[in-house]
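J.: prediction below, plus the sequence it came from.
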Amino acid sequence: MANQFEALRTQRSITQPVNWDTVYTTELPRIYNFFLYKIGDREFTQDLTAITFERAWKLRFKYCNAIASPSTWLFGIARNVLKEHLRKNKVIEQKIDPISHSDELPSNVDVEQVIQQKQDKERLRKIILELPEREQDLIALKYGAGLTNRAIAEIIELSESNVGSILHRTVTNLRKKWDDSHGR
Amino acid sequence: MDDKFLYLLREQPDLEYAKNLHQKLTQSHSDSKWMLNINLHTFALNRKAKLGWITVLIAVGILAMMTISPVRAFVSSLIIRVAGQLFEVTEDYPGDNYPGDETIIEPQVMSLSDALAIFPHNIKLPTNIPTGIVMDEENIRVYIGEETGPFADTIEIDWVSDASAGFTLRITNHDWGIGEIVAPDSVEEIFLDDKHPAVVIRGGWDADEKAWNNEYGNIRLRWLVDNLTYELTGHNLEQFIEIALSTLE
């Protein structure tokens, strides 16, 4: 807490402007993939990502970089947006999007391989959905958003070591289920 | 640990989608507040012009911090706005910094119907109360009149349960504008829905330890409805959000 407070003091005297265009470029894929891992549906993912950035842009004059990094702040908003979405849509049909027109493949691509990849995605989605909510969040933040354990710890208010150990346990569990689902 | 398979679901956002969203953000939010913010940043970076003033302020600040406790608290605090409400953020235990004569303000205790009759504002009672928790209808606390000072126009209602923890709802038109004194990281903004932000305040000042303790005391959820401030105090944030949402219907 002392370090955070030092940061607050610093903020009083030096105000660092945030380049929001850079924040957008860096964080868009992270936020997008966080939702994709949590929801599994591209349309919802695009909607929720847009709502998150709309809300952040509307409130960005309130943002204080001494309290949290732009990424942590954005993920705080994203998690709220997701909670609101889940409250409004109590039962969500979790699914992997079928191959859309944009995914249509050139003739030289191995169709079997593509189908296999799609099946793998469905299988992975299914075993992730079997996880408790917190573990799902951690997987979405780590492997979807690509955040470090430290950044995740800030967002979900756990210690970094706690995040590390839960993730290790969860990934081991997922690995076993993944192998079992392939009959290995 | 082989975890490569977990990256399988990852994909890049559609380029056109990314471009359109960025365009929309840029067009929709180039408002005056944002421009003001840019100007403030620019101003903050204009070090030469401010150098003289900063030197004087630092000297005065150091002297004040060494001698006067309330001034020390002021200098080492930061005013932040969360969900439209102001908070003074500090690590200094405020009980030592703002000493004074304590006055105990007693409420009038009455039934709900009497309280609603004399309370000068229309209030929205929550309709979504968890099963097993009931309102203590005969013991509503009402603060009205000049003698209630900063508590004026405040009503407090308890919901109690034999089986689980109850909670308290406070509704007031009291202007919290000067700001509650809280510790860093103790307040968080959430959104009840698209239009209603709310503040979550975790913990409280521990007088024994003279420090903020996030595990100390209760969780509070505070939001605004029709210019009145509503605040739930208890332990279950998810429950509070559902209750708060029912005041917005």
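T.: All right, it came through fine.
J.: list the contacts of the residue sitting nearest the centre point of chain B.
T.: By Cα atoms, centre = their mean, chain B has its centre lying nearest to residue B:199, at 4.3 Å. Neighbouring residues of residue B:199 by Cβ atoms under 8 Å, 6 or more residues apart in numbering or on different chains: B:82-83, B:85, B:187-190, B:220-223. (C-beta placed from N, C-alpha, C; glycine too.)
J.: point to the helix or strand of chain B where mean pLDDT is at its lowest.
T.: Using mean pLDDT, DSSP states H and E, the weakest-scoring helix or strand in chain B turns out to be helix B:32-45, at a mean of 42.
J.: ok, now which ones touch the residue nearest to residue A:178 when sequence neighbours are not counted?
T.: Spatial nearest neighbour of residue A:178, chain neighbours left out: residue B:5 (5.6 Å); criterion: Cβ to Cβ, 6 or more residues apart in numbering or on different chains. The contact partners of residue B:5, taken as Cβ under 8 Å, 6+ apart, are A:120, A:124, A:175, A:178.
J.: show me what the helix ranked longest in chain A is packed up against.
T.: Ranked by number of residues, the top helix in chain A under DSSP state H is helix A:160-181. Applying 3 or more Cβ pairs under 8 Å, 6 or more residues apart in numbering or on different chains; DSSP states H and E, one finds that helix A:160-181 contacts helix A:111-129, helix A:133-139, helix A:149-156.
J.: could you redo these as a markdown table and give each row mean neighbour count?
T.: Formatted as a markdown table, those follow (neighbours: other Cβ atoms under 10 Å in any protein chain shown):
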| stretch | mean neighbour count |
| --- | --- |
| helix A:111-129 | 14 |
| helix A:133-139 | 17 |
| helix A:149-156 | 20 |
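J.: and residue B:157, what are its bridge partners?
T.: Beta-bridge pairing of residue B:157 under DSSP bridges involves residue B:169.
J.: so how far is chain A from it?
T.: Residue B:157 sits 24 Å away from chain A, going by Cβ to the nearest Cβ, to the nearest Å.
J.: how many neighbours does that residue have?
T.: The number of residues packed near residue B:157 is 21, by other Cβ atoms under 10 Å in any protein chain shown.
J.: which of the helices and strands packed on helix A:160-181 sits closest to residue B:112?
T.: The closest of the helices and strands packed on helix A:160-181 to residue B:112 is helix A:133-139. By Cβ to Cβ, the value is 37.2 Å.
J.: and the contacts of that closest one?
T.: Against helix A:133-139 from outside (Cβ under 8 Å, 6+ apart): A:37-38, A:79, A:128-129, A:131, A:152, A:156, A:163, A:166-167, A:170, A:174, B:6.
J.: doesn't the residue nearest to residue A:178 fall inside a strand?
T.: No - under the criterion used here (DSSP: H, G, I helix; E, B strand; the rest coil), residue B:5 is helix, not part of a strand.
J.: tell me which stretches of chain B form helices.
T.: With DSSP H as the criterion, chain B has helices spanning B:15-28, B:32-45, B:47-67, B:69-75, B:94-97, B:112-118, B:237-245.
J.: and for residue B:158, the neighbour number?
T.: 18.
J.: also the one 10 residues further on?
T.: Summarising burial for residue B:168: neighbours were counted as other Cβ under 10 Å, giving 17.
J.: show me what contacts it?
T.: B:156-159, B:232-234.
J.: where does pLDDT dip in chain B?
T.: Along chain B, the model assigns pLDDT under 70 to residues B:1, B:29-56, B:58-77, B:95-103, B:175-179, B:217.
J.: outline the domain layout of it.
T.: What automatic domain parsing lists as the domains of chain B is B:12-78, B:94-99+B:106-245.
J.: hmm, back to that, identify the residues contacting the longest helix of chain A?
T.: Residues contacting helix A:160-181 (Cβ under 8 Å, 6+ apart): A:123-124, A:127-128, A:130-131, A:134-135, A:138-139, A:142, A:149-150, A:152-153, A:156, A:158, B:1-3, B:5-6.
J.: tell me the buried residues in that helix?
T.: Buried residues in helix A:160-181, defined by neighbour count with 16 or more other Cβ atoms under 10 Å in any protein chain shown: A:163, A:166-167, A:170-171, A:174-175, A:177-178.
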